[in-house]
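Asker: model this:
(chains A and B, ligands or ions: 1)
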Amino acid sequence: MDFTFTEDQLLFREAISRFLMTEAAPETLREIWETDEGRSPELRNQMAMQGLTALSVPEDNGGLGMGDIAWSLMTQELGYYGIPDSLADTAYVGAGLFSALDDNVAGKGEYLTRICDGELRLAIGHQSSQLVSDAHLAEILLMQHGDEVHLVPRAQIDEVTNPSIDSSRRLSQVTWQPTSETCIASGESGAALWNQTLNRGALSVAGQLLGLAQRMLDLSVDYSVQRKQFGKAIGSFQAVKHHLADVAGKIEMAKPVLYRAACSLENNHPLTDIHVSQARNFCNEASALAARHAIQVHGAMGYTWEVDLQMFMKRSWALSNTWGDNIFHQARVQDYVLNSTVDLAPASTFEEA
Amino acid sequence: MKLTYSPKQQAFRLEVRQWMAANVPKEKLPTYDTKEGFELHRQWERKLHEAGLSMVMWPTEFGGRGCDLIDWLIFEEEYYGAGAPLRVNQNGQLLLGSTLLEFGTPEQQAHFLPRMASSDDMWAQAWSEPNAGSDMANISSKAILDGDHYVLNGQKTWSTRATYADWAFGLFRSEVGSKRHHGLSFLMVPLDAEGVTIRPIKALDGEDAFAEIFFDNVKVPVEHRIGEEGQGWHVAMATAGFERGLLLRSPARFQQTVRKLIKLYRDNKVSADRDPSIGVAVAKCWSDAEAYALSAYNTVGRLSNGDKIGAESSINKVFWSELDLLIHQTAMNILGCTGELLTSAPLAEERAYWLQGFLFAQAGPIYAGANEIQRNIVAERMLGLPRA
Ligand SMILES: Cc1cc2nc3c(=O)[nH]c(=O)nc-3n(C[C@H](O)[C@H](O)[C@H](O)COP(=O)(O)OP(=O)(O)OC[C@H]3O[C@@H](n4cnc5c(N)ncnc54)[C@H](O)[C@@H]3O)c2cc1C
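Answerer: The predicted structure follows:
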């Protein structure tokens, strides 16, 4: 029983955090928003140089061979700095799906190597959403068709842009034709791949939501120390303190839930579905409360375009219903607790009853 | 990160499980807030102690088993999972015990810890005073040094189980004219000493759950002081940290209550499902209790890497006390019109235990540092917001 991260995992996280702090400052992200494509090839290259795109690519394909546990720290950084979807979808969720494919799928190794090197952008179309993120720039799309996984070049799809309240999102409706050439997995193994991919996408979002919650909390603490009313910093008023203390509480309690879910996913624990949804619910509650209380302590400033809070608040609202909406994740946990016959004894936390 | 138990940990779990299955009383003991119930709980504690299971994480020389904190969590899971009685001496064993292990002299440890492990001595906490509740630094009870002993005068209140306990521990003002947290000393006081008067206070359920303690020139030997003279606040804060942080309410206790709630829900599903929010609340209770357990394992991991529990202990305290309210409110909603019945009501049967729990849950956000104070601590110490 060891519920801690290795020194390496923690140092890596710290390095990425320091890098994103300077290279992905809010001003930079706002500039990227204004471009048509909404993405910066330079930033992506830099992230690849930092090793982010190599993180979970197997060592045989030139990657670092780390897994969901390492990503549970990294996704928090991506959330904290508001990094757009494509990085996590490609380097984490996409790399995970490719790694789990049969070795005889044509091009598997090559794609993984190119993800690792930061050359490949991909997009994933899962049935949990009618929209696909970053289809406009993807070289390939991994599309769900029932139990089948299809690998589709972008040239073979049509996409219609659907703008989101989160200016960093680039969403499309995608129309495409499944063919036997595009199908790379099907049947039971296809279904298992999609289930795992949904869990990984959900966990990626959970980590990002937690990072976003922390960012909103930090911005609010800074603001409430600076802003004075009635001759004092508003952060000295107890009502403001308690708003922020409650957010800190939600964040702290969500962390171990997220980490356990990552550990379950990495080790194929039989209750991974439940653990992932539980993590999603906790992280989502943390980010929802962070957004609500953050805008409250910012006063009217929080309602403006200019103040950076909006970037993180809107992103948290948008992400909270992706890779399985809230209802889906709540229902998965509820169904387990209410309708199964499992005896949920105190000893069942890590051991199945 | 590896979230599986070692064979040694599994063997320990099995041992505790088997012992509990053979020894936990089949009939629930009467409440320890009566003299009879108190003594029956003391006998249960002696039995646990004889099996070497009363204080598993204490060193063997003091009556423990030298287990680490993971083993302690495992023990708690099996203990509460078996429906074993609440720990009547926990305020001594878990709170004073930890303080003695950290700050006690070897003589104090050798004398007090084994007697506490066996519950030969039962302990009450004596911090609060009529004018020192949340504002504990406002303590005014005095302990004035006179040769080889202190002379105590003043009053403590809300002292849980002091009505039947043998000893109390708390803070007293030992420096005349000192203010706030300066000049306080941490003392252990035998409750049968001359000049001690105990006046029970009836709690919400009508039982003598706590008491006022009056001190009238009570003599306490200097050897019963823990830590240096005037350093009592520092020693007490360490105890408060243990209390909120980890030990006082282990996750297993809530997990066991939630397990019963799930059963209550499943047994009354048709009626409960008339309001879909009941199922939502039941699932949330499970999820929260499990999160609290995960958080405890996570904290234990960090402690073993040399971290200290900081303001997170305040987050924990708010979390478990609010969870306990939600669990019991949900149970009361499921019970509907039988929820109000006392154990003596023929129709109530087992169900009346929910009412007892519901009443006690109301106190959770008040004792061990009111939740408002905990939120202040989080805001000021963890987030660095300015003091008012
Ligand atoms: C069941 C039970 C068992 C107990 N057992 C013991 C025991 O064994 N030993 C012992 O010493 N004590 C014990 N206590 C007492 C407990 O520690 C105190 O009740 C607690 O510290 C609160 O103090 P108080 O009751 O005087 O409330 P007060 O301090 O008067 O507080 C009343 C309300 O005002 C709020 N408040 C006070 N100050 C502030 C502030 N600065 N900011 C915001 N809100 C504030 C509080 O949060 C609370 O909501 C027990 C209490 C209960 C209910």
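Asker: packing partners of the host helix or strand of residue B:301?
Answerer: According to DSSP states H and E, residue B:301 maps onto helix B:276-304. Packing partners of helix B:276-304 (3 or more C-beta pairs under 8 Å, 6 or more residues apart in numbering or on different chains; DSSP states H and E): helix A:238-266, helix A:272-298, helix A:326-339, helix B:69-81, helix B:251-267, helix B:312-335. Heads up, the C-betas are built off the backbone N, CA and C, glycines and all.
Asker: just name the shakiest helix or strand of the chain by mean pLDDT.
Answerer: Using chain A here. Among the helices and strands of chain A, helix A:85-87 carries the lowest confidence by mean pLDDT, DSSP states H and E, at a mean of 91.
Asker: I was after chain B.
Answerer: Of all regular secondary-structure elements in chain B, judged by mean pLDDT, DSSP H and E, the least confident is helix B:232-242 with a mean of 82.
Asker: buried by neighbour count: which residues of stretch B:4-12 qualify?
Answerer: B:5, B:9, B:12 (16 or more other C-beta atoms under 10 Å in any protein chain shown).
Asker: check the second one and give its pLDDT.
Answerer: With respect to pLDDT, residue B:9 scores 97.
Asker: contact partners of the helix or strand harbouring it?
Answerer: Assigned by DSSP H and E, residue B:9 belongs to helix B:7-23. Contacts with helix B:7-23, where a contact means C-beta atoms under 8 Å, 6 or more residues apart in numbering or on different chains, come from A:1, A:347, B:5, B:47, B:51, B:53, B:67, B:70-71, B:74-75, B:77-79, B:81-82, B:84.
Asker: give me that answer again for 7 Å
Answerer: A:1, A:347, B:47, B:51, B:53, B:70-71, B:74-75, B:78-79, B:82, B:84 (C-beta atoms under 7 Å, 6 or more residues apart in numbering or on different chains).
Asker: among those, which ones are buried?
Answerer: Using 16+ other C-beta under 10 Å as the burial test, those include A:1, A:347, B:47, B:53, B:70-71, B:74-75, B:78-79, B:82, B:84 as buried.
Asker: residue most distant from the centroid, chain A?
Answerer: The centre of chain A is farthest from one residue, residue A:231, which by C-alpha atoms, centre = their mean lies 41.3 Å away.
Asker: that one and residue A:237: what is the separation?
Answerer: Distance, residue A:231 to residue A:237, using C-beta to C-beta, to the nearest Å: 12 Å.
Asker: over to residue A:118?
Answerer: 47 Å.
Asker: ok, these two, which is more surrounded?
Answerer: residue A:118 (22 against 18; other C-beta atoms under 10 Å in any protein chain shown).
Asker: re the thing from before, in TSV, list the contacts of helix B:7-23 along with pLDDT and distance to residue A:282.
Answerer: Formatted as TSV, those follow (pLDDT from 0 to 100; distance: C-beta to C-beta, whole Å):
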residue	pLDDT	distance to residue A:282
A:1	94	21
A:347	95	22
B:47	97	40
B:51	96	38
B:53	97	34
B:70	94	23
B:71	96	27
B:74	97	24
B:75	97	27
B:78	98	26
B:79	98	27
B:82	98	29
B:84	98	30
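Asker: greatest separation within the residues you listed: which pair is it?
Answerer: A:1 and B:47 (28.5 Å; C-beta to C-beta).
Asker: can you tell me how far the residue of chain B found nearest the ligand is from residue B:170?
Answerer: When distances are taken as C-beta to the nearest ligand atom, chain B reaches nearest to the ligand at residue B:133, 1.7 Å away. Distance of residue B:133 to residue B:170, given as C-beta to C-beta: 13 Å.
Asker: between those two, which is the more surrounded one?
Answerer: residue B:170 (27 against 16).
Asker: tell me the bridge partners for the more buried one.
Answerer: residue B:126, residue B:187 (DSSP bridges).
Asker: which residues are in contact with it?
Answerer: B:125-127, B:156, B:187.
Asker: now the buried members of those.
Answerer: B:125-127, B:156, B:187.
Asker: now the element after the helix holding residue B:9, going C-ward?
Answerer: helix B:35-50.
Asker: touching that following helix from outside, list them.
Answerer: B:23, B:25, B:29-32, B:54, B:63, B:85, B:88-89, B:117-119, B:122, B:164.
Asker: mind giving me the ChimeraX select for the residues you listed, buried ones only?
Answerer: Command for ChimeraX that selects the buried part of the contacts of helix B:35-50, burial taken from 16+ other C-beta under 10 Å:
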select /B:29,31,32,54,63,85,88,89,117,118,119,122,164
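Asker: quick one: low-confidence residue ranges for the stretch 251-353 of chain A.
Answerer: A:352-353 (pLDDT under 70).
Asker: let's see it at 50
Answerer: Applying pLDDT under 50 to the stretch 251-353 of chain A flags no residue at all.
Asker: for residue B:233, which non-adjacent residue is closest in space?
Answerer: residue B:181 (3.8 Å; C-beta to C-beta, 6 or more residues apart in numbering or on different chains).
Asker: in a helix, that neighbour, correct?
Answerer: No. Remark: residue B:181 does not belong to a helix; assigned using DSSP: H, G, I helix; E, B strand; the rest coil, it is coil.
Asker: that one and residue B:135 touch, don't they?
Answerer: No. Contact between residue B:181 and residue B:135 fails when scored by C-beta atoms under 7 Å: they sit 10.7 Å apart.
Asker: coming back round to it: count residues in the vicinity of the residue nearest to residue B:233, would you?
Answerer: For residue B:181, using other C-beta under 10 Å, the count is 16.
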